[in-house]
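Asks: After the sequence you'll find the predicted model.
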Amino acid sequence: MHNRIKEKREQALNDKIKVKYPRIRGMKDILFDEYRYFDLVVSKACDIAKAYGFKRIEMPVLERTELYERTTGKLSDIVAKEMYSFVDRGGEKVALRPEATPSLVRAYIEHGMFNQSQPIKTFWSGPLFRYDRPQAGRYRQHNQFNLDIFGEASPMADVLLILIAHTYFKELQLNVEVQINSIGCVGCRKEYLEKLKDYYKPRLLKAKLCTECKKRIVKNPLRVLDCKEPCCVESLREAPHIVDSLDDDCRAHFVKVLEYLDELNIPYNLNPFLVRGLDYYTKTVFEIWPISEETSDVKLVALGGGGRYDDLIEYMGGRATPACGFGIGIERVILKIKENNIILKSESQNAVFLAQIGEQARRKAFVLFEDLRKGGFNASQSFTRDALRAQLEDANRVDAKYTLILGQKEVVDNTILIRDMDSGVQEIVDFKKVIPELTKRLANK
RNA sequence: GUGGGUAUAGUUCAAUGGUAGAACACUUGGUUGUGGUCCAAGACACGAGGGUUCGAUUCCCUCUACUCACCCCA
């Protein structure tokens, strides 16, 4: 009776809490089953990265606001309207990182990594924050996995990144397409932008653009290429391609990248209108687009993207260092995996469940459980429960192959029961021989 | 920032101008030491505020949240 009242009170309290302190918009809890996907997606990426000689790095979530204003660009949407920035108690202007590259570059410079043997290959995984309106595959806090290579000018670095990305999605059984383009160096881009502006000089053509792009063509012409408005897409049909404006060096670099991709049999789509939103990219830019299973259409939400940023490190006050990198959106990958009904490996690896009845048995069970764990068994238990029935239910829940039952009687006799959970057959075994017996049984499987 | 849709139990969904049901999940018991099946019992919900009304979970308004799309991005 007492318990019931207590429970009710707790429930009422919980309900109140639920409405009183709701989660912040666009933020997600990742629980249990969901976390299995998270784990798979991240650990697979880490494994591949390690295999290719990348080393793990983590940076603080908080950086000076200025860092992003200078690199990502004050005018970019990310900085201008999506950044969580505030003044801290010491009067410092700080921001929750909206992307990882600036922090990486900051760390590279700050720790004098240019003095180590180049290239420096890093991988990183963690949360990013953008104050955006949430929707499918977009959150205010989302996780990315990034690979970056510092100090390598060779097109091989670009290729390596794309190769890893491609391998990664293939191993996850996701159908993707690599979209690739080169936006050249500052010089090429300057030349191209003139050509593009010239192309849009005729009034008639300019009139076709959407309102946004009419502004863009003056302020940030490259972004016009990226617009998805049908009228803009249409207007671009005859537009000059940036690859035709590349200088010898940039062209040679890009050709080399494509040659290697061909060699490696990595399917790509040469997308002359692919430009990336961030200011610091040079030469190769690429995105990974999912291909929908049923329609085999390419969906426009990218699972990942990246490119080269050869000027960024010098621009930030470091020694001139070529670099490139790319990021994968963890939540988006998970979404795709679920969409495609890709089945996770079952977690029924809790081969042995240890049940106990009575105080003495429980004490003995604690010790035995440690031995099982140290012996490499996937052991589970619910020592907080008393009833054997409840414990067997738990054993069933975790899909145990065997349940060990240790009761008062067994303690006295120095034995233990081994119950086969499929057949329900159980056997009395000498307590000392449990571990060898289990080893034998599990080896036979 | 703009536009659409939605809001009922832990989850997925019903019904209703007279305060609500199911399925699954959960707890307990049937079995004081035996799970998966079965049976019984139990706990748990109308997002918030306002209006219309004798009476609103239902109709209207506002807010909030969720969701989808645009912008942008991963």
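Replies: Arrived safely.
Asks: pretty sure A:Cys324 belongs to a strand, no?
Replies: Yes. Per DSSP: H, G, I helix; E, B strand; the rest coil, A:Cys324 lies within a strand segment.
Asks: Which secondary structure state does the residue of the stretch 251-400 of chain A found nearest RNA strand B sit in?
Replies: Using CB to the nearest atom of the strand, the closest approach of the stretch 251-400 of chain A to RNA strand B is made by A:Gly277 at 1.5 Å. The C-beta positions use only the backbone N, C-alpha and C, and glycine is treated the same way. Under three-state DSSP, A:Gly277 falls in the coil class.
Asks: repeat for A:Ile109
Replies: Local secondary structure at A:Ile109 is given as helix here, using three-state DSSP.
Asks: Just the pLDDT at it, thanks.
Replies: The per-residue pLDDT reported for A:Ile109 equals 96.
Asks: Which of the helices or strands spans the residue nearest to it when sequence neighbours are not counted?
Replies: Using CB to CB, 6 or more residues apart in numbering and skipping residues adjacent in sequence, the residue nearest A:Ile109 is A:Gly318, 3.9 Å away. Secondary structure from DSSP states H and E places A:Gly318 outside every helix and strand.
Asks: and stretch A:367-387 with RNA strand B, contact?
Replies: Yes. Figure legend: stretch A:367-387 in contact with RNA strand B (CB under 7 Å from any atom of the strand); contacting residues A:Ala387.
Asks: Pull out the CA atoms of that stretch and give them to me as CSV.
Replies: What follows is stretch A:367-387 as a C-alpha-only set of coordinates in CSV (Å, rounded to 0.1, in the frame of the first residue of the first chain):
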residue,chain,number,x,y,z
VAL,A,367,32.3,-13.2,-7.2
LEU,A,368,31.4,-15.7,-9.9
PHE,A,369,30.1,-13.0,-12.1
GLU,A,370,33.5,-11.3,-12.0
ASP,A,371,35.2,-14.5,-12.9
LEU,A,372,32.9,-14.9,-15.8
ARG,A,373,33.5,-11.4,-17.0
LYS,A,374,37.2,-11.8,-16.7
GLY,A,375,37.0,-15.1,-18.4
GLY,A,376,35.7,-13.3,-21.5
PHE,A,377,32.1,-14.5,-21.3
ASN,A,378,29.3,-12.2,-22.3
ALA,A,379,27.7,-12.4,-19.0
SER,A,380,24.7,-10.6,-17.6
GLN,A,381,22.7,-10.6,-14.4
SER,A,382,20.0,-8.8,-12.4
PHE,A,383,21.3,-9.1,-8.9
THR,A,384,18.8,-6.5,-7.8
ARG,A,385,16.0,-8.9,-8.3
ASP,A,386,15.0,-11.6,-5.9
ALA,A,387,12.5,-13.9,-7.6
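Asks: Give me the next element, helix or strand, following the lowest-mean-pLDDT helix or strand in chain A.
Replies: Every helix and strand of chain A was ranked by mean pLDDT, DSSP states H and E. The lowest is helix A:2-20, at a mean of 40. Of the helices and strands lying after helix A:2-20 in sequence (DSSP H and E), the nearest is helix A:32-51.
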